[in-house]
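Peer 1: When you get a sec, could you give me coordinates for this:
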Amino acid sequence: MQGLPIDLIVTVLAGATALVAAFVIWRGFLYRDPMEARLKTIASRRDELRARALDDTKKKGGQGNKSAGADLMKSAAKKLKLRDRMDMKSTRSILAQAGFRGKDASDIFLMAKLIMPFVLGGLAVFYVLFGSGKLSPMMSLMLCVGGAGLGFMAPGIYVKNRMMKRKLALRRALPDALDLLVICTEAGLSINQSLNRVVDELGRSSPEIAEELGLLGVELNFLDDRRQAYMNLIERTGLDEFKAIVTTIQQAEKYGTPVSKALRVLSGEFRTERLLRAEEKAARLPAILTVPMVMFILPCLFIVLIGPAILRTVDAFSRI
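Peer 2: Model (predicted):
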């Protein structure tokens, strides 16, 4: 099949590139408050728990700013029975650890996994049919199948990437949050008041951990079982450090021991672990840099050192 003219393809690609560049520049100059979305999440969780406590089913059903797109995806996922084909508990846990905690997050994720293979596969088919005329049938088939497979894996890869970045940010900010929590508890504040104070102080510098502690404070105020609020924190973060903190706080509340001393010890341990991880990365640098040095630096060094001698030798033999 004869392909499209090359000038038309270049024009279309140039226009698409210009649109993407303009959108990226516009998003770069657009100011977004890092706490706005997280405050909305905390407020939504507070209203949901308040509605549950008051048994206000009408208010509970009206929570959240649902868009038409989210409702459409939710109804489509229900009709296609996507929930029955996947482990929804594990999916919700992964989405929560990545920061997606809306009621429709799981439905949107499932629909993305269903739609993206058709989108990328369709683009690959369009390229094979109209954009290239020299691909073999096997290469065309591999390109179409690869596009569909990439579309199926893309939502999961994106969510896992967000989850790992969020965990890294939580782990880095945890010692500072614990230090502030220790100061607040030593000043005579309760756990709930200390959490609110830490959220106010770390809202700008560490919005991820401020959101988690804010949700914990909201659940401690509205849930009947405090243990459930702590378990929700562990499930949302997926980090062993928060599990240790929860265990320490629960034991202190159970036996009446000072929370500040236990949290101070935990803060020191977390700082030591962070230092050890940094030292471990530094110790791996020589082994990691060996391959780039052998492939890129040593050949250049050999050319600089041995090149002039080789040229003189060749020149000398040419005069004989």
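Peer 1: chain center to the helix with the most length in the chain: distance?
Peer 2: Under DSSP state H, the helix in the chain containing the largest number of residues is helix 137-186. Relative to its chain's centre, helix 137-186 lies at 3 Å (C-alpha atoms, centre = their mean, to the nearest Å).
Peer 1: Quick check: what element follows that helix along the chain?
Peer 2: Proceeding N to C from helix 137-186, the next assigned helix or strand is helix 191-202, under DSSP states H and E.
Peer 1: What lies in contact with that following helix?
Peer 2: Contacts with helix 191-202, where a contact means C-beta atoms under 8 Å, 6 or more residues apart in numbering, come from 173, 176-177, 180-181, 184-185, 189, 209-210, 213-214, 216-217, 220-221, 249, 253, 259. (Each C-beta comes from the backbone N, C-alpha and C, glycine too.)
Peer 1: For stretch 205-214, which residues meet the burial criterion?
Peer 2: Residues of stretch 205-214 classed as buried by neighbour count (16 or more other C-beta atoms under 10 Å): Ser206, Pro207, Glu208, Ile209, Ala210, Glu211, Glu212, Leu213, Gly214.
Peer 1: so which of these would you say is closest to Val125?
Peer 2: Val125 lies nearest to Glu208 out of those, by C-beta to C-beta, at 40.1 Å.
Peer 1: Tell me who's in contact with that closest one.
Peer 2: For Glu208, the contacting residues are Gly99, Arg166, Ala169, Leu170, Ala173, by C-beta under 8 Å, 6+ apart.
Peer 1: Can I have the buried ones of these as a PyMOL selection?
Peer 2: Of those, the buried ones go into a single PyMOL selection, burial set by 16+ other C-beta under 10 Å:
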select buried, resi 99+166+170+173
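Peer 1: Include distance to Met111 and pLDDT when you put the contacts of Glu208 into a markdown table, please.
Peer 2: Shown next, in a markdown table, are the contacts of Glu208 (distance: C-beta to C-beta, whole Å; pLDDT from 0 to 100):
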| residue | distance to Met111 | pLDDT |
| --- | --- | --- |
| Gly99 | 19 | 82 |
| Arg166 | 22 | 90 |
| Ala169 | 28 | 88 |
| Leu170 | 28 | 88 |
| Ala173 | 33 | 86 |
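Peer 1: what's the average pLDDT for whichever helix or strand Met111 is part of?
Peer 2: Applying DSSP H and E as the criterion places Met111 in helix 105-126. For helix 105-126, mean pLDDT is 83.
Peer 1: May I see the buried residues of it?
Peer 2: 105-114, 116-117, 120-121, 124-125.
Peer 1: try stretch 260-277
Peer 2: For stretch 260-277, burial by neighbour count (16+ other C-beta under 10 Å) applies to Ser260, Ala262, Leu263, Arg264, Leu266, Ser267, Phe270.
Peer 1: Output the below-cut-off pLDDT ranges for the stretch 101-250 of the chain.
Peer 2: Applying pLDDT under 70 to the stretch 101-250 of the chain flags residues 131-133.
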